[in-house]
Each structure stands twice: as structure tokens, then as C-alpha cells.
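**Q** Just the structure for this:
(chains A, B and C)
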Amino acid sequence: MLNEYYPLVVISMIAIALGFFVVLLGSILGPRRPTQHKGQPYESGMIPYGPGTRRISVRYYLVAVLFILFDIEVVFFLPWAVAFRKLGVSGFILMVIFAVILEIAFVYAWKKGALEWE
Amino acid sequence: MNLSDYYAITPLVFLVCWAIFLLLVDLWIPAGRKGITALLSAAGLLIALVLVLRSGEQVLTAFEGSVVVDGFSVFLSVLFLVSALAGIALAHDYLQRLGLERGEYYPLLLISTSGMMLMTYAYDLIEVFLALELLSIPLYILAGFSRLNLESEEASLKYFLLGAFSSGFVLYGVGLVFAATGYTDFPGIAKAAQNGSLNPTLFLIGAGLVLTGFGFKSALVPFHMWSPDVYQGAPSPVTAFMSVGAKAAGFAALLRVFVVVFPGMSVNLTPLLWALAALTMFVGNIVALVQSNIKRLLAYSSIAHSGYLLMAFVPYGNASVRSDAIAGMLFYLAAYCLTTFGAWAVVIALEKAEGKGLELEDYAGLGHRYPFLAATMTIFLLSFTGVPLTLGFWGKFYLFSTAVEGGFWQLALIGLLTSLISAYYYLRVVVIMYMRPGTPQVQRNFWPLLTSGVGALAVVILGIAPGVLLNLAVSALLKGL
Amino acid sequence: MIFLEKNIADPLLNLAPLVILFPLLGLAINLLLGRRLGEKGAGVVASLASGSSFVISLLLTLSLQAHPQAFTLPLFQWISIGSLSVSWDMRVDTLSTTMMLVVSGVGTLIHVYAIGYMYNDVHHQGDVGRYRRFFVFFNLFIAAMMLLVSANNYLVLFVGWEGVGLCSYLLIGFWFEKGKDGIGNARAAQKAFVVNRIGDFGLLIALFMMFWWFGSLEFERVFNAARSLAPAQQGVLLAMTLFMLMGVAGKSAQLPLYVWLPDAMAGPTPVSALIHAATMVTAGVYLIARSQPLFALAPAAQGVICWVGALTALLAATIAVGQMDIKKVLAYSTISQLGFMVAAVGMGAITAGMFHLITHAFFKALLFLAAGSVIMGMEGANTVAHHHAGNPEEEIDPQDMRNMGGLQKRMPLTYGVYLVGALALAGIAPLAGFFSKDEILVSLWDYSLPIFLLLLLTSFLTAFYMGRQVLMVFAGKARSQAAQQASESPKVITIPLLILAVLSLLGGLINLPGVATLEKWLEHTVAMPEAGHFSPAIALSSTLLALLGLALAWVLYGYRSLAKLQQSDPLANYLGVIFHAVQNQWWIDSLYQRVFVIPYRYISHEVLAQWFDQETIDTMAHDLGRWNQWFARVLSYLQNGFVRTYGLVVLLGVVVMLAFLATR
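**A** Next up, the predicted model:
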């Protein structure tokens, strides 16, 4: 049963080997003249300022998590909306329960002050 | 999907709803009065207990066969609910004392408990995975509940990383089993395994990976590495709950999956279980010898107890021993639950802020200053050792006799020798408590004292009359056995 | 759980567990709330608990009256391992209810008495806090004894048996820091416990044999199995019953294990009364009565028991003659009377033995409690004299009869009841002791003449030493200041005494010759051989002998009563060396000390503890331990705290597992 996958294994091994080979070739054959500007991080053409690893406020994470909350809501809502008629009343009830749980989480986050920016 | 499906899992539904409700209610309970949340959650657990016991002995099937409620799940659900109650009893004063009083503790505990209960209902590998995550994720958070304490954070992160790692193994194992048989529900897989219409190598590897995941939850060697660090770093009530709940849930899954799904594979899986059991008993007991921190000591002891439990399960393929093995393991889990919570209650009574009061030396003089605590602790340690007239003795007795009955007397011998070693480190605590001078400081709060008192009483009374508990364990049969 | 059996004859029988639960309840209340109850409260609670137990026993008896067949109440499955299955059942039949009535009835009276007595005692000894502890132990004692008599199998009986032993240990050593050299009482307690353990060991072996040969420990099954086994394996039954006898000898203080009982008076007087009269020592007699079907199958064992009982009776009676301590005389008299009972039940005369057990419980409890009243009077006066006169004389031993005398006038009520008890014990008609002793003698007349004669001689000695005691304590003139100033005890003490005195007077009624109430009652449970009939000749001769004993006592101690404090016993003049031997208990105690205790201590200390344990075993253990610790250190290097290492270990484990599985 697994035999038919052998070509796949061969191809991926060739691909990996080729990748290594090309990079290796470049580093061997290519000229290397490093300057300070070349070594700097690329920031879309802007002149970089400050250290490369900066601290980001924890609030960004809170917002990100809240974003995921609604993101998941949407991910579930869309397919449900498509199959709304098929799923009928029970589907509707389940979806309401789902939404209520998510809203409780939202209320929790709100009350805890996750939305207050300073 | 209809209402009778929900009827079968009423306790679970109730518990989850109650947890969410509590999360909301807790927002309006002022800091310093979180005892209300604790009481409410305890009330919820009691109601859930009533709901669990309501179904009694009948066997219910729901959600197209992916959920089964039988005697086995009722027994373990009760165990989990009692554990959660103990977890709450131990927590409130402790959290207050260490300045961690936040209401989230209780809903998280409830959700984890519901995950454990789901584990006992699960009759489908997907369901098993769901339960595994549902019980684990709150535990990851709880392990780091002492947010400002570095050790607690470290414990949480380690637990999370390694937990995710092992979840990956389980999921991969489920995938391979599905690939080999085309089913994820237990009867389907079992049927396919009987027909021989599967790829045996894939199937076996899948089983091995699933075993890895369960072994991680139950802290079997070599998947145990997380447990000493996490047990030490996590807040003590969480550790107590984790060491009973998560372990029992891991074994519940192991029992159900292996007995229902992989009985035919026992020829190949039994040597593996044998090696795991021997290794776990050996490493757990040996390494515990050199521990000087009570939490780490109990962590290694809990690893060793997993080894004893697994030992009885080794002959699971032998149909005549199987039901004995399950009964013995359930009995042992109940005994372990009572003993562990009692012992942790004593640990909590002695623990001070910033991880002080946890060294074995801090127990010096306890026997003279606080005879009640020292006496209960002695009972628990004797029960852990398996001294006759304690519950632990009967637990070990049934496990060992099952192993011998199944023809694995060598394993029983290893168990016997390693429990001999365990006597050294358990009794060392007793020696320190009674024979070294010292002035231990103890927080005498009602609930932890009650927990240890009730635990000690139960350990002794049931140790004198184990028949009551054994009858319950024997009648808590798996469906289809 | 308790009320499982619904379809039983009488719902009243369902109350049976309460006979054990009530004392336990009293115990729990005293243990948990005792401090709030205040002094005396503890005693009242304990007495009520014991009294309730008595009421339940009465109800059970009444219920059995209507339908006297034995009844078993299953409580729960206790142990089930392999083929051994022991359930915790209660057996209610005529024999067990009889024992329950005696235990709880006499026990309750002693409880009430102890309310007053212990109040004085704890104040006298200077530790008021132990009042409560005393009643906790007392209730535990009753509970253990109830457990023993209500058991339906030998194992549960054994639990009660051990419980009784434990309680006796706790109570004999109640004032554990007092006594000779500050450890005298503790030594006495230890002695009682160790000697009892020797007996228990025999009983345990008997139980093992039962399980081995019969596969069960339940009474009925054991008896049935024994009946089918008896013809083929006579030796097994003989060994089993003799091992059982060893247990009996330990608990009921028979030769050669009687030595603990005289020392047991180190406990407070109510304890002596409880141990000697109602509980503990009767357990052995009960065991033989209960196992009568077994003994009936081993006639040789019956003979041995009979001889043991008779010899014990005689030996103890001779020792009692030479004792000076008021309680020691009673202690040896108990051993002697137990010899009567054991001889009777040993030969199968269950009714006679049980009858004597009951009457003895009445008058021996009476005697002990009255003796306690005397001691209390002496002690009180002693202390008062001490305080007032500023230590005019050495504090005297309030239990030494040489210090008493003339108490008849100071304590008239105590004197009266003491006289009743003494006459009952001496076997003077028509008091309780007369009927029961006579019945034993009649039964033995048919069984064996030598034993009959031994016991007849014992009856004579019994009357003599009781006469001696009464005369020394109550007659004549006071020989010490304490005896002069002794005063009568309060009501809480005298009322139980009066009740017991009435019982001692009328106790014979329960099995009058010709009516035989007790015999008909017990016949429902125990199959009995034809009992001996009342014989006027024997009754007359034993009564005459008893009167002769009393007369002799009067000649020696009453006619010319002792005058001085330290006067030597007049008997010593006539008997010389023999009296000296008797006074020193025939040197049996020191013989035991030389032959058993000292060599045993030597072996255990020098050989086993020093050489074998400390040197051989410990070296092995230490080496093993060191090796293990080293191994543990090696293993814990792996536990370095890095998640990456942990992950790697998990991964390696998985790889090895999968490699194993993939190659299958």
C-alpha cells in the first residue's frame, strides 16, 4: 500500500538535496563584500531606528486574543449561514449557545479591563 | 442529535454551564470575598454529583455512539467530582494566604473536571482527544496561577509545551488508527481489527502514539519528566488536583481505549506495557529516595503509583483477568485519591508564602507540636507505603494479585521490591516528624484540616473494611465487558 | 445498609447493631464534646450509653422469647480474598443475648458507680483531666465485649477479643505513671497484655486451622464441617480445641496464664470490677460455650479443660488464703471461680457454667465495688488525717487489710452488701452462688470424681478466705487512724451496690432446680447433654463445708480479732512454710520470671537485637540504601530543568516504542 508513495519520497529527497545544493553553490561561488548598510535589517526602505528587538505592550496581545475570539466566531458563522436551512432550528439553537458563550468571554474580558487603553 | 443525547450527559452539560456562569458571576464579586465563588462552585459540584449518581447502573449511549455512560464512567466521575471538591477545599485559604485570591481558579477547576468526566464518557477517539484538551488547558493555566512566582510560571510553560507535544502524539496516533481502519469510533475500530481489514503496522504505531499521550497525562516513565517540576512549581492545591485528576483521567482513557479497541493487539502491546510499568515503578521509587522537597517527593511517589496501576493493566488482553484488573485499578485510584488529598492537605497546612515550609526538615517536630496533623500524615504515608490495615495495602494487594493472576509474577516482584524501597522515603518523613526536634509553623484552617481528617478516617475505616469500596469498584463495569 | 433483611421474624431484632453502636456513640460524644460536658457529664453520658445498650439487649431478649431460634443479621461483606470470605454479621440467639444482658447490665451499674468513684480518684491522684478518658475507655470496653458476644464468626469474635484485651491494657495502666517505682502500673498493664497475647496466639492458630480444614470461620459452617471431619481427623480437632484452650486460658486467667489477673488490680477499682465480673474474663468461658459443638467432638480436650479449670480453682483458692491486699484476695477468688466455670463448660455443662458466670458477675462486681467503697473511705480518711495532724504517721496503704478492722460501724451499708457478696461467693443457701456452684458440682459428680473432690475442697477454701476477709476488714477494732475515721460513701456509689446486692441475693432464681429457666432458655442455642439433677446430698455437703470454712475463719480471725497494726497472720503460726508459700503465690510469678522472662529478654536483646538485627541486617540494609541513593543521583541528573531535555527523553521513548512496534 505504501509502495505507490515511493516516487513522492524520491522527489522530495531530490528537492531537498537540490535546495541545499543551490544554496551551497551560491555561498561557494558568489563574491562576498559585506558593508554596514548591507548588514542592516530591511524595513521597507525606511531608515531603521532603535534596536531590532523592541518590547511591545501586552495590550497588543489582549487585542489580538480578542480578535481571535471574533475571528473564530466568523469562521463558524459562515459555514452555518451557508447551510442554515438544512440545519434548521436545532442548528440555530446550537449557534445561539455558541454565540452566547463567546459573548460571555467577551464580557469577561471587558469587565477585566482588556479594552481599556490606559 | 436529540434531547436524549443531552440527557445522557446532563452532569457534564450542567458542570460546563455552571462554570461559565461562575466566570460571569465572579466578575461582580469583590476581591476578598471570593469564598462565595468557592462555595458556589462546590455547590455546583455537589449538584453534578447528584446528577451523576442519578443514572445509577444503567448504560446509556448518546451522540451516535460517541458517548457512553456506564458504571465505569459513573465511578470515575464521582472520583473526579470528589477530587474537585477537595481541590476547592484546599484552595481557598491557601490562595488567600499566598495573595493569589482570584475567582478564576474555580471555573477553571470545574472546566477541567468536566474534561475529565468527558474522558470517561468518550467512546470515540476524537472525543478522547477533545476531552484530553478540555482537561489539560485549564490545568496549564492553573499550574501558572501564581502569576508572579517564577517557578509557577515556569511550571505552567513547561507543562504547556510538553503537553502540547504529547497532544500532538495522540492526534497523530488517532490519525494513523483512522488511516489503518477507516474509523475513529471504538466499535468501528474494534470491528475492523477483528476482521483483519486493516494495516497492522500503521494500527500498532497509532496505538503506540495514543499510549504515549495517555502515558504523558498519567506520568509514566519516560513521559514523566514534566511532573516533578510542574508539581513543585504549581500551587499546591492545583498539584493535588492534578496528581489525582489528570492521572485518573489518563488511566480512564487507557483502560477504555485499550480494553475496547485494542484487545486483539495485546500480544504486541503487552510487552510494551510491561516495560513501561517496570520502568515507572523503578524510576519513580528510586529517584524519590534523594528528594528533600516534600512536593517533589510526592511527585515521584505519584509517578511510582502510576507504575503500580499500570502493572495491573499489563495482562489486559487476558479476558479472565481483565475485569479484575479494572476493578483493582478503580479501587486503587479511589484509595490513591483519598490518600493524596489528605497528604496534600497537610503539606498545604505547612506551606508558607514564596515556597517556604516545603522542605522535609520543616516537618521536624510536627509530631509534638501538632499531633493531629502528624498522625494523619503518618496514616497517609503508611497507606502510600501499603502497610496493612490501611486502604493503600488493599489497593496494592489487589493490583499485585491481578498481575500474578495474569502470569506476570516477575512484574509483581518488581513492584514488591520497589514498594519496599518506597518505605524508606515515606517513613523518613514520619521519622522527621516524630524524632527530630523543631518548631514547625502551621496554618490551621478549617477546610484543609477537615480534608486531612476525613481522608485519614476514610483510609483507616475502609482499610479495615475494604469490601464496601471493592464492591463498588467491581460493579463499575465497562460497557460490553 | 444495616437494615437489609426485611423478612425476619421480628423487626425488633433489627435493633441488634445498636448494642454496639450505643457505647461507641457515648465514646464519640465524650471524645469530641467531653470538654464541654463538664466533669461528671462525661460519666453520665457513658452510663447512659451503656444503659441504652442494656435496654436494647432487653428488647432483643423479649423478642427472642417469642421465637427463640437463632437469628443472623448481615451487616456487610468484610473481607473477600480468594476463597476466604468473611462477612460482618451479628448473631442474636439466647446465648449471646444472655451475655449481652450480663455485660451491659452489670457494666452499666459499674459505670454509675464509677461516676462517683472516679470523681474522687482523679482528685485524689491529682489529674482531673483523665476523668473523661476513663469513660471513653470504659465505653470502648463495653463495645468490644458486645462485639465479641454478638459475632457470628470467629474472626469478628477475635476482633472483639483483641479489643477487650486492648481496653484492659489501657485501663489497667490507667494511672500509668503511678505504682511501684513509677512504672508499677505500666508494668502490670504490659504483663496483662503480653500474657493475653500468648493466649491470643493460640486462638489465632486455632482460627488458621479452622480456615485450613473447614474453609470457613462462620460458627454454623465450622460446626457442620467439624461433624463430618471428626471421625477421620480426631487429631486435628484435638489440636484445634487445645489451641483454643490456650486463648481461653489467657483471657479467662486459667493455668498457666492466670498470672496477669492479680496484677490487673493496678487499675482503678471499677476497672477491676469490670474486668473480673462482667467482661474480659468471661470471654473465655463464652468462647467454650459458643464452641461447644467443637469441644463435644473432642472428648480428650474436654478432659484437659476440666482438669485445667479444677486445678486453677484450687491453686487460686489456696493463694487467696494468704493475701493481705483486699483486692488481691478478690482477684485470686475470681481466678478460682473462673476455674469452676471453665471446668463446667469444659465438660459440656454449659448451663451450669453460664449460670455461675451470671451469678458470679453479680456478686463479684458487688464485692469489688464494695471493696472500692472501703478503699475510698480509707483513702479519704487517710488524706484528711494527713492534712489535719500535720503528718503524724506515715501514709498507710489503704488497700492492706491489716490496716483496716472495725469498719462495720464506720461503713454499715458497705458492710451489709459486702457480707451479702461474701456469703453468695461462699455458696451459702439461698444466695445466688449456692445454686450455681451446686449445679457445677452436681454435673461434675457424674463426670469425674477427682475433679469433683478438688472443687469441693475449693468451696471450703472459698468460704474460709471470704470469712477471713470480712472479719479482717469489718470486725474487731480499727487498727489505723484511717480506719477509725473512714466514712460511708455517697449515694452514687451505694445505690449500684444495693442493686447488685439484691441481684446477688436473688440471682439463684434464674435457674432454680426443677424450674431450670436458664437451661430451657439456652437449650435453644446450645445442644446440651443431660444435665445433672439437683441432689440434696451434694447440696448439703457443700453447704456444710462452706459453713465449716466460715467457722474456721471465725475461730482464727473473729474470736480473737487482730489487734495491732503489723500483727502477723494467725494462720502463719499453724501452717508455717506453707503459709509463706501461699503468701508468695507458690513463687509461680518468680518462677515464670526466671524461666521465661529473663532468658527471653537475654535472647531478644543480646542475640537478636545486637547481633542479628544491628550487625547483620542493618549492614545489609545500609549497603542497599547507599547503592540505591547513588543510583537515584545518577537518574536525577537527567532531571535538569530544561524543557528541551524533557522533550528529548519523551521523543527517545516514543522512538524506541515505535521501533519495537514497527518491527512486530
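**Q** part of a strand, is residue C:590?
**A** No - under the criterion used here (DSSP: H, G, I helix; E, B strand; the rest coil), residue C:590 is helix, not part of a strand.
**Q** Pull the contacting residues for it.
**A** residue C:584 (Cβ atoms under 8 Å, 6 or more residues apart in numbering or on different chains). For every residue, glycine as well, the C-beta is placed using N, CA and C.
**Q** rerun at 7 Å
**A** If a contact means Cβ atoms under 7 Å, 6 or more residues apart in numbering or on different chains, then residue C:590 has no contacts.
**Q** just residue C:252 next, same as before
**A** So residue C:252 contacts C:281, C:283, C:284, C:285, C:338, C:342 (Cβ under 7 Å, 6+ apart).
**Q** Could I get the pLDDT score of residue 40?
**A** You didn't pick a chain, so chain A it is. pLDDT recorded at residue A:40 is 73.
**Q** that's the wrong chain, I wanted chain C
**A** 74.
**Q** show me what contacts it?
**A** Per Cβ under 7 Å, 6+ apart, neighbours of residue C:40: C:115, C:119.
**Q** what's it sitting at in phi/psi?
**A** For residue C:40, the backbone dihedrals (degrees, to the nearest 10) come out as phi 70, psi -40.
**Q** Let's see the pLDDT reported for the residue of the stretch 251-400 of chain C found nearest chain A.
**A** Across the stretch 251-400 of chain C, no residue is closer to chain A than residue C:279, which sits at 66.3 Å (Cβ to the nearest Cβ). At residue C:279, the model reports a pLDDT of 78.
**Q** ok, the nearest residue to residue C:68 once chain neighbours are set aside - how many residues close by?
**A** Leaving aside its chain neighbours, residue C:68 sits nearest to residue C:524 (4.0 Å; criterion: Cβ to Cβ, 6 or more residues apart in numbering or on different chains). Residue C:524 has 14 neighbours, counted by other Cβ atoms under 10 Å in any protein chain shown.
**Q** Was I right to think residue C:524 contacts residue C:65?
**A** No - in this structure, residue C:524 is not within contact of residue C:65 by Cβ atoms under 7 Å, at 10.4 Å.
**Q** any idea which of the contacts of residue C:252 is closest to chain B?
**A** The nearest member of the contacts of residue C:252 to chain B, counting by Cβ to the nearest Cβ, is residue C:283 at 20.9 Å.
**Q** The spatially closest residue to that closest one that is not a sequence neighbour: what's it in contact with?
**A** Excluding the flanking residues, the one nearest residue C:283 by Cβ to Cβ, 6+ apart is residue C:251, at 4.8 Å. Contact partners of residue C:251, counting by Cβ under 7 Å, 6+ apart, are C:161, C:196, C:199, C:280, C:281, C:283, C:284.
**Q** Now name the helix or strand holding residue A:95.
**A** In the assignment (DSSP states H and E), residue A:95 maps to helix A:84-111.
**Q** tell me what that helix is packed against?
**A** With contacts defined as 3 or more Cβ pairs under 7 Å, 6 or more residues apart in numbering or on different chains; DSSP states H and E, helix A:84-111 has these neighbours: helix A:58-82, helix B:10-26.
**Q** Now tell me which of the ones you listed the model trusts least on average.
**A** Mean pLDDT per stretch puts helix A:58-82 lowest among those, at a mean of 87.
**Q** follow-up on the earlier one: neighbour-wise, which of the contacts of residue C:252 leads?
**A** Most surrounded of the contacts of residue C:252: other Cβ under 10 Å gives residue C:338, at 31 neighbours.
**Q** Quick check: residues of chain B near chain A?
**A** B:1, B:20, B:23, B:24, B:27, B:199 (Cβ under 7 Å from any Cβ of the partner chain).
**Q** Can you tell me which of those residues is nearest chain A?
**A** Comparing every one of the residues of chain B next to chain A with chain A (Cβ to the nearest Cβ), the shortest separation belongs to residue B:27, at 4.4 Å.
**Q** shouldn't the residue of the stretch 251-400 of chain C closest to chain A be in contact with residue C:147?
**A** No - here residue C:279 does not reach residue C:147: they are 11.3 Å apart, not a contact under Cβ under 7 Å.
**Q** Name the residue in the two with the higher neighbour count.
**A** Applying other Cβ under 10 Å to residue C:279 and residue C:147 shows that residue C:279 carries more neighbours, namely 29 against 24.
**Q** How many neighbouring residues does the nearest residue to residue A:91 once chain neighbours are set aside have?
**A** Distances taken as Cβ to Cβ, 6+ apart place residue A:80 nearest to residue A:91, at 6.5 Å, with adjacent residues excluded. Residue A:80 has 15 neighbouring residues, counting by other Cβ under 10 Å.
**Q** can you pull the contacts of residue A:80?
**A** By Cβ under 7 Å, 6+ apart, the neighbours of residue A:80 are A:87, A:91, A:95.
**Q** Could you export the residues of chain B next to chain A as a markdown table, including neighbour count and distance to residue C:369?
**A** Listed next are the residues of chain B next to chain A as a markdown table, based on neighbours: other Cβ atoms under 10 Å in any protein chain shown; distance: Cβ to Cβ, whole Å:
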| residue | neighbour count | distance to residue C:369 |
| --- | --- | --- |
| B:1 | 11 | 79 |
| B:20 | 18 | 70 |
| B:23 | 21 | 69 |
| B:24 | 14 | 70 |
| B:27 | 14 | 71 |
| B:199 | 15 | 88 |
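**Q** got the residue ranges for the strands in chain C?
**A** In order along the chain, chain C carries the following strands (DSSP state E): C:71-81, C:84-92.
**Q** Out of those strands, which is closest to chain B?
**A** Once the strands of chain C are compared by Cβ to the nearest Cβ, strand C:71-81 is nearest, at 4.0 Å.
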